[in-house]
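Trainee: sequence and computational prediction follow.
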Amino acid sequence: RSLYKHHMADQELEAQGAIASAQTAFAQQQYEQALNGDGNNKGFLKIIDEFGGTKTANLAKLYAGLAYAKTDKVDEAIKMLEDFSAQDDDMVSPAAIAALGNLYVKKGDNEKGIKTLIKAAEEADNDAVSPVFLLQAGEVYESLGQNEKALELYNKIKKQYFRSPISQEIDMYIERATK
């Protein structure tokens with residue numbers, strides 16, 4: 001084992017120990033504390049700074065991005081989520097992509113937001129989250145007066161994700177976009 005690999009393994013372990021309290025703060029919706037720590041425990045920003053190159057620091061970018069999004073710091077959130085390199089974790093990555101999509105929409109970059117939400121839905125490709133992201137994208141299309149594009153997405157939910165809870169109420173959206 002090389003010295004570098006040994007060092008990175010140590011860094012990873014230390015980072016994993018450090019991130020736990022920040023994740024707890026995040027789960028309790030204490031986003032400032034999650035980002036900046038509380039004096040005794042490191043926050044996500046310090047972890048990203050101190051443990052760069054570890055998987056844990058990468059995960060901290062995802063959490064920091066989501067924490068910024070929850071506190072309406074849109075630019076900071078976008079920067080963190082764009083820096084986060086999506087691992088092939090089925091739930092985490094699509095959620096990060098969707099969060100980014102919604103942030104682009106918040107910034108008024110609707111086309112980019114829609115594309116990103118659809119990408120998130122395709123990457124997830126499951127009944128739990130894909131319909132949620134497609135619905136969000138459809139509603140943005142509707143807000144832009146592009147009802148036929150919204151309808152495409154709503155019909156996709158109806159056909160492809162008919163097992164999802166959202167498909168139970170999708171007819172309401174289809175009806176609204178058809179008017």
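Mentor: It's in.

Trainee: and the strand or helix carrying residue 19, what does it pack against?
Mentor: Assessed by DSSP states H and E, residue 19 sits inside helix 3-27. On a contact count with 3 or more C-beta pairs under 8 Å, 6 or more residues apart in numbering; DSSP states H and E, helix 3-27 meets helix 31-36, helix 44-50, helix 55-70. C-beta: built from backbone N, CA, C; applies to glycine.

Trainee: what's the spacing between it and its chain's center?
Mentor: Distance of helix 3-27 from the chain centroid (C-alpha atoms, centre = their mean, to the nearest Å) equals 21 Å.

Trainee: what mean pLDDT does that helix get?
Mentor: Average pLDDT, helix 3-27: 93.

Trainee: same question, stretch 172-179
Mentor: The average pLDDT within stretch 172-179 is 95.

Trainee: mind listing what's buried in that stretch?
Mentor: Within stretch 172-179, the residues that qualify as buried are 173, 177, counting by 16 or more other C-beta atoms under 10 Å.

Trainee: then stretch 61-71?
Mentor: Residues of stretch 61-71 classed as buried: 61, 62, 63, 64, 65, 66, 67, 68, 69 (neighbour count, 16+ other C-beta under 10 Å).

Trainee: now do the phi/psi pair for the closest residue to residue 14 other than its chain neighbours.
Mentor: Nearest residue to residue 14 in three dimensions, chain neighbours excluded: residue 51, at 7.0 Å (C-beta to C-beta, 6 or more residues apart in numbering). The phi and psi values for residue 51, taken as degrees, to the nearest 10, are phi -120, psi 30.

Trainee: would you mind measuring from residue 51 to residue 59?
Mentor: According to C-beta to C-beta, to the nearest Å, residue 51 stands 10 Å off from residue 59.

Trainee: and the helices and strands packed on helix 3-27: which comes nearest residue 143?
Mentor: Set against residue 143 and scored by C-beta to C-beta, the helices and strands packed on helix 3-27 come closest in helix 55-70, at 19.5 Å.

Trainee: give me the contacts around the host helix or strand of residue 123.
Mentor: Under the criterion of DSSP H and E, residue 123 resides in helix 110-124. Contact partners of helix 110-124, identified using C-beta atoms under 8 Å, 6 or more residues apart in numbering, comprise 90-91, 93-95, 97-98, 100-107, 129-131, 133-134, 136-137, 140-141, 143-144, 153.
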